[in-house]
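Asks: sequence and computational prediction follow.
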Amino acid sequence: MHRIGRYEIVDELGRGAMGVVYRARDTQIGRIVALKVILTKSGPPAEVEHYKKRFQREAQAAGRLSHPGIVTLHDIAQDVEGQPYIVMEFIEGKPLNLLLGPATQFPLDRLLDIGIQVAQALEYAHRCGVVHRDIKPENILVMHDGRAKIADFGIAKLAGADMTQEGTSLGTPSYMSPEQIRGTAVDARSDIFSLGAVLYWMATGQKPFTGDSVTTLTFQVVFQDPARAHALIPGLPPDLDRILSRCLAKDPAQRYANCSELAADLETLRAGRPLAPMERTAALPGASAPAAPHTGNTTLAFDAPVEKARPAPTVARTVAAAVPPTVAAPTRQHGPRSTWLITAAALSLAVLVGVGYWLRQSAAVAESSAPPSAPSPAPPPALRPSVPATVPEKSTTSPESPAPKPAAASPARAATSKLQILCKHNFQAATLEIFVDNQIFYRAPLHGQEQRHIVKHYDGKLDTEQPIGAGRHTLRVRVYSTREKYDDQDAIQGEFVVGEARTLEIEFGKGSGLGVTERSLNLTLR
């Protein structure tokens, strides 16, 4: 029988690009274990060294953790040929992805129970300074008695360690957080996003983000919100949508602060109690109002016909004008409580009147500051993930059509700040679109002059200033050209202060040395 160190190999459990996992027996104490061996015999030396470091990272991350919801690490060593291996607890069970399928029925209470267990285990890991960074169904093992355990800390980030550096995108795209895809710093809230994606998949039978290519998939993760789970499976409690929306918020600050909060909400839902009002989730896409308590007997049938996934509707908020009611004169003496109520009502009325006056004044300022000849902005073209060399659908604002007039800022937005748009480009003809918080804000044609310095290229510049409301906004820039088969977009966030101006610089090929022909989109907000 084949042996590795003191471990006898019983059979093979699984194999991947970087290693193989065996069921093995410890010959010294007779314990059955899982043996994970990295494959180093074939492959470029640099790649082998990378996998060895990842292996070491998994051992360091899992080795400091001791929790019933996390697979236990027993040992790490190397065989006679120098191949490193990890000895782990053997789990009698299946990964979550093998428990669910297209025709599988899954009780909601079981879903919530697994979610609570994983959230509690992650909370422990986070308190120990470990961020998993690859939470997905394959890494959640469910035992026969219903207990769940987290496995595979192969790309985990240790607090204070430099093995996983900022600027590196690791993980599984369907369950990665937006900050992971962007290659920026991650913390515990990244695992919360990934767990939210797993819960969404468990609840609906569909991944929250899908695509035919990695580019399409990652675009959805960063910019688009999934359809509400309740819209796909009407039997789900709307409060589950609130939990999922908070987990899957693009901005980490809008997610749960820690996994304990998430576990508490899942427990509240399982107990059939309505969730407490959550101010931070009020503006999240897909968030629903509190509904009737969950009865605990909902079963999810994944093979039932479901509604086609669609983006959650945008909820527009309006402020009704305050109309002072006619108050009859009191006919009796008021006690202290009545006097207090009358005083509070009078103060509330004064505040409403003041708000109405302020809104009318703001609207007047916006109307007076808008360009007098600016047309109403045309509806934006269908938003879709695009890459260079992709021909966009025919648009009424295509460069081949008559040049559209620039679309100015929406007059509904209070013009209390200014945005200077400075675009340096290398297109003969293209169209620039800027969206503010996913609403069309500005559209203009781009035209370049032909240049023949060393190589033939085009050089153009657009410089304009537009009013914008104060506050924090997400600016999304799209540039497309049917003639030059180009369509790309990117986004940036920034804070706008009343009375001050900021500049959005849009450049192509910045820092490449080939800016005259290279067209990678670069945004700077200063």
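Replies: Received, thanks.

Asks: the host helix or strand of residue 419: what's the following helix or strand?
Replies: Using DSSP states H and E, residue 419 sits in strand 417-425. Downstream of strand 417-425, the first helix or strand assigned by DSSP H and E is strand 429-436.

Asks: now the helix or strand following that next one: buried residues?
Replies: Per DSSP H and E, strand 429-436 leads on to strand 439-447 as the next helix or strand towards the C-terminus. For strand 439-447, the neighbour count (16 or more other CB atoms under 10 Å) marks 440-447 as buried. Backbone N, C-alpha and C define where each C-beta goes, glycine included.

Asks: for stretch 262-273, same thing?
Replies: Under the neighbour-count criterion of 16+ other CB under 10 Å, stretch 262-273 has 262-270 buried.

Asks: need those in TSV (columns: pLDDT, secondary structure and distance to residue 209).
Replies: Converted to TSV, the buried residues of stretch 262-273 look like this (pLDDT from 0 to 100; DSSP: H, G, I helix; E, B strand; the rest coil; distance: CB to CB, whole Å):
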residue	pLDDT	secondary structure	distance to residue 209
262	97	helix	19
263	97	helix	24
264	96	helix	26
265	97	helix	22
266	97	helix	22
267	97	helix	27
268	96	helix	27
269	96	helix	23
270	95	helix	26
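
Asks: how about the residues you listed, which pair is most distant?
Replies: Using CB to CB, those span at most 12.7 Å, a distance reached by 262 and 270.

Asks: the strands in the stretch 1-150 of the chain, which residues?
Replies: 3-4, 7-15, 19-26, 32-38, 73-78, 84-89, 93-95, 105-107, 130-131, 140-143, 148-150 (DSSP state E, counting those that start in this stretch).

Asks: which of those sits most buried?
Replies: strand 130-131 (a mean of 24; mean count of other CB atoms under 10 Å).

Asks: for that strand, what does the pLDDT average out to?
Replies: For strand 130-131, mean pLDDT rounds to 88.

Asks: name the strands paired with it and say parallel or antiparallel.
Replies: Counting by DSSP bridges, the strands paired with strand 130-131 are strand 157-158 (antiparallel).

Asks: so after the strand it pairs with, what's the next helix or strand?
Replies: helix 178-182.

Asks: helices along this protein, start to end?
Replies: Under the criterion DSSP state H, helices of the chain are mapped to 45-63, 96-99, 108-127, 178-182, 188-204, 214-223, 229-232, 238-247, 259-270, 336-369.

Asks: distance to residue 276 added to those, as TSV?
Replies: TSV is the format used below for those (distance: least, CB to CB, whole Å):
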stretch	distance to residue 276
helix 45-63	34
helix 96-99	29
helix 108-127	17
helix 178-182	27
helix 188-204	18
helix 214-223	29
helix 229-232	19
helix 238-247	10
helix 259-270	8
helix 336-369	25
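
Asks: which residue ranges make up each domain of the chain?
Replies: For the chain, automatic domain parsing gives the domain ranges 3-89, 93-301, 417-525.

Asks: determine which stretch of those domains is the most buried.
Replies: Buried most deeply of those, by mean count of other CB under 10 Å, is domain 93-301, with a mean of 19.

Asks: which residue packs closest to residue 491, ignoring adjacent ones?
Replies: Closest residue to residue 491 apart from its sequence neighbours, by CB to CB, 6 or more residues apart in numbering: residue 476 at 4.2 Å.

Asks: for beta bridges, what are the partners of the one you found?
Replies: Bridge pairing for residue 476 - DSSP bridges - gives residue 435, residue 491.

Asks: got the contact list for stretch 107-119?
Replies: By CB atoms under 8 Å, 6 or more residues apart in numbering, the list of residues contacting stretch 107-119 from outside reads 69, 96, 135, 140, 142, 146-148, 150, 195, 198-199, 202-203, 236-237, 240, 259-260, 262-263, 266-267, 269-270, 294, 296-300.

Asks: try it again at 7 Å.
Replies: Residues from elsewhere that reach stretch 107-119, judged by CB atoms under 7 Å, 6 or more residues apart in numbering: 69, 140, 142, 146-148, 150, 195, 199, 202-203, 259, 262-263, 266-267, 269-270, 296, 298-300.

Asks: one more: stretch 207-214?
Replies: Here stretch 207-214 has contacts from 173-174, 197, 200-201, 217, 220-221, 226, 248, using CB under 7 Å, 6+ apart.

Asks: turn those into CSV, including pLDDT.
Replies: Formatted as CSV, those follow (pLDDT from 0 to 100):
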residue, pLDDT
173, 80
174, 86
197, 96
200, 95
201, 93
217, 86
220, 90
221, 92
226, 93
248, 97
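
Asks: picking up where we left off before, of the buried residues of stretch 262-273, just say which sits nearest to residue 501.
Replies: Nearest to residue 501 among the buried residues of stretch 262-273, with distances taken as CB to CB, is residue 262, at 40.3 Å.

Asks: gap between that closest one and residue 71?
Replies: 21 Å (CB to CB, to the nearest Å).

Asks: got it, and residue 263?
Replies: From residue 263 to residue 71 the distance is 19 Å (CB to CB).

Asks: again, but for residue 147
Replies: In this view, residue 147 and residue 71 are 11 Å apart by CB to CB.

Asks: separation between the closest residue to residue 28 other than its chain neighbours and residue 27?
Replies: Leaving aside its sequence neighbours, residue 28 sits nearest to residue 6 (CB to CB, 6+ apart; 5.8 Å). According to CB to CB, residue 6 stands 5 Å off from residue 27.

Asks: then residue 111?
Replies: Residue 111 is 41 Å from residue 27, by CB to CB.

Asks: look through the protein and tell me its longest strand.
Replies: If each strand of the chain is counted by residues according to DSSP state E, the longest one is strand 455-468.

Asks: and that one, C-alpha only, in CSV?
Replies: C-alpha atoms of strand 455-468 as CSV (Å, rounded to 0.1, in the frame of the first residue of the first chain):
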residue,chain,number,x,y,z
VAL,A,455,2.5,56.8,-36.1
LYS,A,456,-0.9,57.9,-37.3
HIS,A,457,-3.3,58.6,-34.4
TYR,A,458,-6.0,60.9,-33.2
ASP,A,459,-5.9,63.5,-30.5
GLY,A,460,-8.9,65.1,-28.9
LYS,A,461,-9.9,66.9,-25.7
LEU,A,462,-13.2,67.8,-24.0
ASP,A,463,-13.4,70.3,-21.2
THR,A,464,-16.7,71.2,-19.6
GLU,A,465,-18.2,72.0,-16.2
GLN,A,466,-21.6,70.8,-15.0
PRO,A,467,-23.6,71.3,-11.8
ILE,A,468,-23.9,68.4,-9.4
